[in-house]
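Visitor: Generate a structure from the sequence data that follows.
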Amino acid sequence: MILNDFRILDTETGAYRDGSVRIQAERIVEISDRPLSGNAIRTIDGRGRVLMPGLIDAHVHVAITTINFASLEAKPTTLRALEAAGILERMLARGFTTVRDAGGADRGLAEAVAEGLIPGPRIYYSGRVLSQTGGHGDFRSRGDLAPMCACTIHSSAFSHVVDGVDAVRRAAREELRRGATQLKIMASGGVASPTDPIWNLQYSREEMTAIVEEAESWRTYAMAHAYTPEAIRRAVEAGVRTIEHGNLIDRATAELMASRSAYLVPTLITYFALDELGSAFGLPAESSRKLKEVLTAGLESIEIARSAGVPMGFGTDLLGELHDQQSREFTIRRRALGAADIIRSATVVNAEILRATGEIGVIRERARADLLVIDGDPLEDIAVLENPDRMQAVIQGGRVAVDRGM
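Guide: Predicted coordinates:
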């Protein structure tokens, strides 16, 4: 494929260059300042439109297909898989060519996308998350009188509820055996879980260190759900590489993250969407109350992280019926950050997080041919990334996956 006469966005510098791109198989093989010619299955005339890398979302839950967690576990696995396939297809149509799943997706979904059985972004999956008893991955109600038995691991499709150093090592090894590309730790309370307050510290330093060691043994890393300074600090000191959410971070904790080269992955849209629509789709009253504790702090958290020099990725964390609001993350962040920095977080920084620097998130020779044709200038008006009509084509791995009359 040849793409001529485009304004090519350099996501590393936030600047444009005029040029053309040649794709062979799944890779970019040539970038030129002049029009290209030769044998090609398809030649596209950009007529000065913007060409930018495919987007990366570093915090999704494609297998959580409803906000109502009580009904989620009752759904047949096959039904959930088909619902997830629809979520993935719509993510690709919004320009997200790669995602990191933060809990629930598995090898089956990742391979279905990789083999072309379903359209969707390529998936880096965490498998089942690791949560302590009563933690953010434990969705039993307070009235659930589960027997206290010798078993130290209670597993569902979403999580391992697991306590103790030896047990968390075993659970971590199980997910790594199953192909998880990184491990997910629940390090503080959360909104959706029924019994843990936001301020609740989860997992001891020893347990988290053990999980990090197991991840590093497989040459990968751990990510941690954490809101408060105390939870973030404990996770970072244990060696966790990416902090998810981080809404209540303070300056001292942000400086610690920067000194340890830890990444922050804010997920602002999920709080706005839950606040607006959560109750209509079955979000429990207790979760709605906890949501208020973190909703307004999100924008301030990214300002604190930016000023401390913490590298920030791009995540959304949307659940079930709210997945289609994914692209609103761009315009919400624009209240606190410049457009170039936001785009960089959804491309270059997320590629660093996924340890795929130079492979995705950039337009350069030998990179994967994940490209978006944009009618408009996202540096001037980032809202064009929220409007599907302005995204005229999505190219993934050298193949036109979405064509809106290009």
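Visitor: Quick one: residues contacting residue 309.
Guide: Shown in contact with residue 309 (CB atoms under 8 Å, 6 or more residues apart in numbering): residue 258. C-beta coordinates here come from the backbone N, C-alpha and C atoms, glycine included.
Visitor: how far away is it from residue 256?
Guide: The gap separating residue 309 from residue 256 is 11 Å, by CB to CB, to the nearest Å.
Visitor: for residue 276, same thing?
Guide: Counting by CB to CB, the gap from residue 276 to residue 256 is 34 Å.
Visitor: Have a look at these two and say which one is more surrounded.
Guide: A count of neighbours by other CB atoms under 10 Å puts residue 256 above the other of residue 276 and residue 256, at 19 against 11.
Visitor: Would you mind listing the buried residues in the helix or strand where the more buried one lies?
Guide: Applying DSSP states H and E as the criterion places residue 256 in helix 251-259. Neighbour-count burial for helix 251-259 flags 253-258 (criterion: 16 or more other CB atoms under 10 Å).
Visitor: Equivalent analysis for stretch 197-206, please.
Guide: So stretch 197-206, judged by 16+ other CB under 10 Å, has buried residues 198, 200-204.
Visitor: now, among the buried residues of helix 251-259, which is nearest to residue 36?
Guide: Set against residue 36, the nearest of the buried residues of helix 251-259 by CB to CB is residue 258 (42.2 Å).
Visitor: which phi and psi does the nearest residue to the closest one once chain neighbours are set aside have?
Guide: Leaving aside its sequence neighbours, residue 258 sits nearest to residue 309 (CB to CB, 6 or more residues apart in numbering; 4.4 Å). The phi/psi pair for residue 309 (degrees, to the nearest 10) reads phi 80, psi 20.
Visitor: Export the buried residues of stretch 197-206 to TSV and append columns for distance to residue 291 and secondary structure.
Guide: Below are those laid out as TSV (distance: CB to CB, whole Å; DSSP: H, G, I helix; E, B strand; the rest coil):
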residue	distance to residue 291	secondary structure
198	9	coil
200	15	coil
201	20	strand
202	18	coil
203	23	coil
204	27	coil
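Visitor: Would you format these as JSON lines with distance to residue 93 and pLDDT included?
Guide: As requested, the buried residues of stretch 197-206 are exported to JSON lines (distance: CB to CB, whole Å; pLDDT from 0 to 100):
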{"residue": "198", "distance to residue 93": "34", "pLDDT": "91"}
{"residue": "200", "distance to residue 93": "38", "pLDDT": "92"}
{"residue": "201", "distance to residue 93": "40", "pLDDT": "95"}
{"residue": "202", "distance to residue 93": "36", "pLDDT": "95"}
{"residue": "203", "distance to residue 93": "37", "pLDDT": "97"}
{"residue": "204", "distance to residue 93": "43", "pLDDT": "97"}
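Visitor: For residue 67, state which of the residues you listed is nearest.
Guide: Of the buried residues of stretch 197-206, the one sitting nearest to residue 67 (CB to CB) turns out to be residue 198, at 18.1 Å.
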